[in-house]
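Colleague: heads up, no residue letters with this:
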Ligand SMILES: Nc1ncnc2c1ncn2[C@@H]1O[C@H](COP(=O)(O)OP(=O)(O)OP(=O)(O)O)[C@@H](O)[C@H]1O
Ligand SMILES: [Mg+2]
């Protein structure tokens, strides 16, 4: 699903965010990316959906060559991915339903399929009743569930999340993780950057630890490994 | 494009204009003012151009004949000139009539002619008009070589000056209009940049979920087109009112001033102005989106 070979990322200001990284992630895996602040987790995540380009190395995501891709092909890479952020990134003047449907409208899906798919993902995240609410009328956890619904509505093979529980309290965070487990149970690959020790330790999934742009640990059923 | 996508785009444009109605109002105003100035220049330049052309077409060639010619020889020359390419009309003035005209012009100073004691010093002549002012010079030179023609006059200086002036007016007008179009484009693209900036989260999300550049561009472009067309409409209504007022004023004072009549001239101007608004709106929005679509 993800094949990273000798990837480095040096930002314009000379900061080396990732330094010769090699990672291989298979279909259906659930992977945590952990590390201190500034270690390079977000950079790792952003490479996957080509928000940033690597300075060197090769990267295959979902069968597509991310590095040598034409600008016009980037939307098609992203249609196979679901992206989730710490700050939800919902459109404040659209309802829950519209926010989720938006992801299908932009890929020109038929209206009947939009109706059907949006309802079924709102069921998965447990927000079917709140379809007509605006984001400002929802709690943080509910907003993140809308963002997840939007990320999965086009049935992506890979879901990428950058600290999705970063703004949420522990109970709400677990609600989010339960949804992720459900999605992963359906065969979707999940890559999630996080600072949340408790979640990583309890979930017992693959853990990739990054320090100063290097992978220092990659364990199949790992633990967070740092003191919070 | 799919029908549901057109529906989506139209709803987006409608919502955006409603949401940013003050900004929309401001851009329509700016576009209207710029296009009004642009249109005014267009009207002035076209009128000056027409004036120059009408002056040019009034330039005539005077052909003075030798005194010894017989009536039939004069008729032959008349026929020969008439058969030349581009000659519009040939009028004959015999020497007696020429003297009468001359006397009339002298008015109170007619006595000056007493000195020549009944002798008529003026020649027989033709007045030749050509269809196109650019033919004046070549036609005059050709006639000068005819047997029996004494001299030919056509006001070389006037013709050449007129050509210089019209060329200058056209050039000046074109340069000015390009500059104005550029300025309008700049203003529009800045206004739309504000709209895009206000909606940058939306643009970013569209990109995350896999929207193509054209899908993102369409609503903004249509918005630019709507704003540009509305600005153009306001501008041409103002231009029409202004031009009608100017035409009325000028007819009151100088009745024969050759202004271009309102119809169909102003219809063409309206079409040009609205099209300019549409093109500027579309191009302006594409320019302002460029930065947001790069990554
Ligand atoms: N756009 C950018 N331009 C320049 N430097 C950047 C940019 N983004 C990140 N960096 C730098 O790259 C390094 C890695 O940043 P990154 O955001 O990947 O870290 P992170 O592990 O996600 O940190 P955090 O846990 O705080 O989110 C940092 O030193 C950061 O300052
Ligand atoms: Mg980060």
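Modeller: Received the coordinates, thanks. For clarity, every value in this text was computed on a predicted model and none was experimentally measured. Ligands and ions are numbered 1, 2, ... in the order given.

Colleague: buried stuff in the helix ranked longest in chain A?
Modeller: Longest helix in chain A, counting residues (DSSP state H): helix A:170-185. Neighbour-count burial for helix A:170-185, counted by 16 or more other CB atoms under 10 Å in any protein chain shown, picks out A:172-177, A:179-180, A:183-184. Heads up, the C-betas are built off the backbone N, CA and C, glycines and all.

Colleague: now, which of the residues you listed sits nearest chain B?
Modeller: Relative to chain B, the closest of the buried residues of helix A:170-185 is residue A:183; by CB to the nearest CB it sits at 16.5 Å.

Colleague: so that closest one makes contact with residue A:190?
Modeller: Yes - taking CB atoms under 8 Å as the contact criterion, residue A:183 and residue A:190 are neighbours in contact, 6.7 Å apart.

Colleague: now do the shared contacts for those two.
Modeller: The contact sets of residue A:183 and residue A:190 overlap at residue A:159 (CB atoms under 8 Å, 6 or more residues apart in numbering or on different chains).

Colleague: element containing residue A:23?
Modeller: strand A:16-25 (DSSP states H and E).

Colleague: packing partners for that strand?
Modeller: Under the contact definition 3 or more CB pairs under 8 Å, 6 or more residues apart in numbering or on different chains; DSSP states H and E, strand A:16-25 sits against strand A:2-10, helix A:41-48, strand A:206-211, strand A:214-219.

Colleague: before we move on, the earlier item: next, the angle from the following helix or strand past the longest helix of chain A to strand A:2-10.
Modeller: Using DSSP H and E, the helix or strand that follows helix A:170-185 towards the C-terminus is strand A:189-193. Angle, strand A:189-193 to strand A:2-10, by axes from the mean of the first three to the mean of the last three CA atoms, to 10 degrees: 30 degrees.

Colleague: so for strand A:189-193, what gets flagged as buried?
Modeller: A:189-193.

Colleague: mean confidence for stretch A:32-47?
Modeller: Per-residue pLDDT over stretch A:32-47 has a mean of 94.

Colleague: contacting residues around it?
Modeller: By CB under 8 Å, 6+ apart, the list of residues contacting stretch A:32-47 reads A:4, A:7, A:9, A:17-18, A:21, A:52-54, A:59, A:66, A:160-162, A:191-195, A:200, A:203, A:205-213, A:222, A:224-226.

Colleague: and ligand 1, is it touching that?
Modeller: Yes - Stretch A:32-47 is in contact with ligand 1 by CB under 6 Å from any ligand atom, via A:35, A:37-43.

Colleague: can you select the buried ones from those in ChimeraX?
Modeller: Buried residues within the residues of stretch A:32-47 next to ligand 1, by 16+ other CB under 10 Å, are selected in ChimeraX with:
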select /A:35,39,40,41,42,43
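
Colleague: thought residue B:49 was touching residue B:169?
Modeller: Yes - using CB under 8 Å, residue B:49 is in contact with residue B:169, at 6.1 Å.

Colleague: the more surrounded of these two?
Modeller: Legend: neighbour count by other CB atoms under 10 Å in any protein chain shown for residue B:49 and residue B:169, higher for residue B:169 (18 against 15).

Colleague: that one reaches residue B:50, doesn't it?
Modeller: No - at 10.5 Å, residue B:169 does not count as touching residue B:50 under the criterion of CB under 8 Å.

Colleague: wait, residue A:127 sits on residue A:144?
Modeller: No - if you go by CB under 8 Å, residue A:127 and residue A:144 don't touch, sitting 10.6 Å apart.

Colleague: out of the two, which sits in the more crowded spot?
Modeller: More crowded of residue A:127 and residue A:144, by other CB under 10 Å: residue A:144, with 29 against 21.

Colleague: stretch A:208-227: which residues count as buried?
Modeller: A:208-210, A:213, A:215, A:222-224.

Colleague: check the closest residue to ligand 1 within the stretch 51-200 of chain B and give its pLDDT.
Modeller: Closest residue of the stretch 51-200 of chain B to ligand 1, CB to the nearest ligand atom: residue B:200 (16.2 Å). In this model, residue B:200 is scored at 82, pLDDT.

Colleague: tell me the residues on chain A that lie near ligand 1, please.
Modeller: Within chain A, the positions near ligand 1 by CB under 6 Å from any ligand atom are A:11, A:13, A:15, A:17, A:35, A:37-43.

Colleague: okay, those in JSON lines with distance to residue B:87 next?
Modeller: JSON lines is the format used below for the residues of chain A next to ligand 1 (distance: CB to CB, whole Å):
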{"residue": "A:11", "distance to residue B:87": "78"}
{"residue": "A:13", "distance to residue B:87": "78"}
{"residue": "A:15", "distance to residue B:87": "83"}
{"residue": "A:17", "distance to residue B:87": "83"}
{"residue": "A:35", "distance to residue B:87": "93"}
{"residue": "A:37", "distance to residue B:87": "92"}
{"residue": "A:38", "distance to residue B:87": "89"}
{"residue": "A:39", "distance to residue B:87": "91"}
{"residue": "A:40", "distance to residue B:87": "87"}
{"residue": "A:41", "distance to residue B:87": "89"}
{"residue": "A:42", "distance to residue B:87": "84"}
{"residue": "A:43", "distance to residue B:87": "83"}
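
Colleague: just flag the most distant two among the residues you listed.
Modeller: A:13 and A:35 (20.3 Å; CB to CB).

Colleague: residues contacting residue A:195?
Modeller: Residue A:195 makes contact with A:34, A:37, A:163, A:166, A:228, according to CB under 8 Å, 6+ apart.

Colleague: could you redo the last one with a cut-off of 6 Å?
Modeller: Applying CB atoms under 6 Å, 6 or more residues apart in numbering or on different chains to residue A:195 gives no contacts.

Colleague: how about the helices in the stretch 101-250 of chain B?
Modeller: B:136-144, B:156-198, B:200-208, B:213-253 (DSSP state H, counting those that start in this stretch).

Colleague: closest to residue A:155 out of those?
Modeller: Distance to residue A:155, taken as CB to CB, is lowest for helix B:200-208 among the helices of the stretch 101-250 of chain B, at 16.0 Å.

Colleague: ok, back up a step: tell me the one among the residues of chain A next to ligand 1 nearest to chain B.
Modeller: Nearest member of the residues of chain A next to ligand 1 to chain B, counting by CB to the nearest CB, is residue A:11, at 13.5 Å.

Colleague: where does the record place the domain boundaries for chain A?
Modeller: If you go by automatic domain parsing, the domain ranges for chain A are A:1-80+A:157-223, A:91-155.
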